[in-house]
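Engineer: Below are the sequence and a predicted model for it; my questions follow.
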Amino acid sequence: MLSVYTLFSGSGGNCVYVKDNSTEILIDAGRSCGAIEKALSNFGSSLRKIKAIFITHEHSDHTGGLEVISKKYQIPVYFTAPSYDNYVRAGSFLQRFAHRMDVEYVQAVESLTVSSFPVPHDSAQNVGFVISSPDDTFGIATDIGHLTDTIANSLCLCKRIIVEANHDVEMVKSGPYPQHLKARILSKNGHLSNEKCAEFCAYLCDHGVEEITLAHLSRENNLPKLAYETVKQQLCACGFERVPLKIAFADIAVCATDGKSYPFKKQEAIQ
Ligand SMILES: [Zn+2]
Ligand SMILES: [Zn+2]
């Protein structure tokens, strides 16, 4: 069985910790090396035990800790080629440990297999991942400008998933952001709204997904309670009220694979 924890989530930094009985990896490292090390220590783990880091895309909320991590821990880091070319500086510590991967790529890391698939976003390239162990499959997709058949088909392979519920459209429109930022968030290469996420989650449940964690919530344009209730309502309307649903908090680790629901109270998220 895979255990998956969102250590950090949102524009302040993203990092997902995935492990089975023998192998541990990270998806993204968008917080400082020290913050990620501390978060892993709560699980009795350490960056020393991490066998590989897979990067969705080069934006700083997904990559911010990589240079120091590379310097201290020499962990292989996998980027798509466009993200690598955009982000990895010649002569950096990161360059010594960074690998280019195709957009649709399969990499074995000991007992785990990690497959990537394209996700539209305003980065050089963005990907989601399906992670498989011999007896389990997990999927993750965030920073989703718009939904595609490829994303749907990839996540339908998974029993449990992390998916983006970034913003409430009305909160974006009436919120404090300048017009160009509002347009970016709402564009086809921006982020996924609660409403679109809700419809998508119902579709996924209809195609075999059994547990959902909502991630990458905007601090300014969303509320955990609103994201949760928007998706929950849609799941209930479609007969999937029993599907465990939870929120990935910005700074508190949440288990995405424990079969429980964490509506929005922070204390309920602490393991
Ligand atoms: Zn991004
Ligand atoms: Zn992001």
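Structural biologist: Perfect, I can see it now. Ligands and ions are numbered 1, 2, ... in the order given.
Engineer: quick one: secondary structure of Ser123?
Structural biologist: What DSSP: H, G, I helix; E, B strand; the rest coil gives for Ser123 is coil.
Engineer: Just the pLDDT for the residue lying closest to it once chain neighbours are set aside.
Structural biologist: Sequence neighbours aside, His57 is the residue nearest to Ser123 in space, at 3.9 Å (criterion: C-beta to C-beta, 6 or more residues apart in numbering). C-beta coordinates here come from the backbone N, C-alpha and C atoms, glycine included. His57 carries a pLDDT value of 98.
Engineer: ditto for the one 3 residues further on
Structural biologist: Reading off the per-residue confidence, Ser60 sits at a pLDDT of 98.
Engineer: Next, count neighbours for Arg96.
Structural biologist: 12 (other C-beta atoms under 10 Å).
Engineer: For it, what is the enclosing helix or strand?
Structural biologist: Arg96 is located in helix 93-97, with elements delineated by DSSP states H and E.
Engineer: again with Ser132
Structural biologist: With DSSP H and E as the criterion, Ser132 is inside strand 127-133.
Engineer: who touches that strand?
Structural biologist: For strand 127-133, contacts defined as C-beta atoms under 8 Å, 6 or more residues apart in numbering pick out 1-2, 4, 18, 20, 23, 25, 27, 54, 56-57, 80, 103, 111-119, 137-142, 151, 154-155, 157-158.
Engineer: From the residues you listed, which land in helices?
Structural biologist: Among the contacts of strand 127-133, DSSP state H puts Ile151, Ser154, Leu155 in helices.
Engineer: List the residues that contact Thr56.
Structural biologist: So Thr56 contacts Asn14, Ile27, Asp28, His62, Val119, Asn126, Val127, Gly128, Phe129, Ile140, Thr142, Asp143 (C-beta under 8 Å, 6+ apart).
Engineer: Keep only those of these that are also close to ligand 2.
Structural biologist: Asp143 (C-beta under 5 Å from the ion).
Engineer: thinking again about what came up before, let me see the contact set for the residue nearest to Ser123.
Structural biologist: By C-beta under 8 Å, 6+ apart, the contact list for His57 reads Thr80, Ser83, His121, Ser123, Ala124, Gln125, Asn126, Val127, Asp143.
Engineer: Give me the secondary structure label for Gly259.
Structural biologist: The three-state assignment at Gly259 reads coil, by three-state DSSP.
Engineer: Give me the neighbour count for it.
Structural biologist: 9.
Engineer: Quick check, it in contact with Ile212.
Structural biologist: No - if you go by C-beta atoms under 8 Å, Gly259 and Ile212 don't touch, sitting 11.5 Å apart.
Engineer: Quick check: neighbours shared by the two?
Structural biologist: Counting by C-beta under 8 Å, 6+ apart, the residues touching both Gly259 and Ile212 are Pro244.
Engineer: just to revisit the earlier point, with Ala215 as the reference, measure out to the residue nearest to Ser123.
Structural biologist: In this view, His57 and Ala215 are 14 Å apart by C-beta to C-beta, to the nearest Å.
Engineer: same check, this time on Asp28
Structural biologist: Distance of Asp28 to Ala215, computed by C-beta to C-beta: 11 Å.
Engineer: And for Gly239?
Structural biologist: 24 Å.
Engineer: Settle it for me: which of the two has more neighbours?
Structural biologist: When Gly239 and Ala215 are compared for neighbours, Ala215 comes out ahead with 29 against 11, by other C-beta under 10 Å.
Engineer: Spell out which parts of this protein neighbour ligand 2.
Structural biologist: Asp61, Asp143.
Engineer: just for the chain, where's the confidence low?
Structural biologist: Counting by pLDDT under 70, the chain has low-confidence residues at 263-271.
Engineer: Write out the residues of it neighbouring ligand 1.
Structural biologist: Residues of the chain lying near ligand 1 (C-beta under 5 Å from the ion): His59, Asp143.
Engineer: Can you report phi and psi for the residue nearest to Ser123?
Structural biologist: phi -160, psi 170 (degrees, to the nearest 10).
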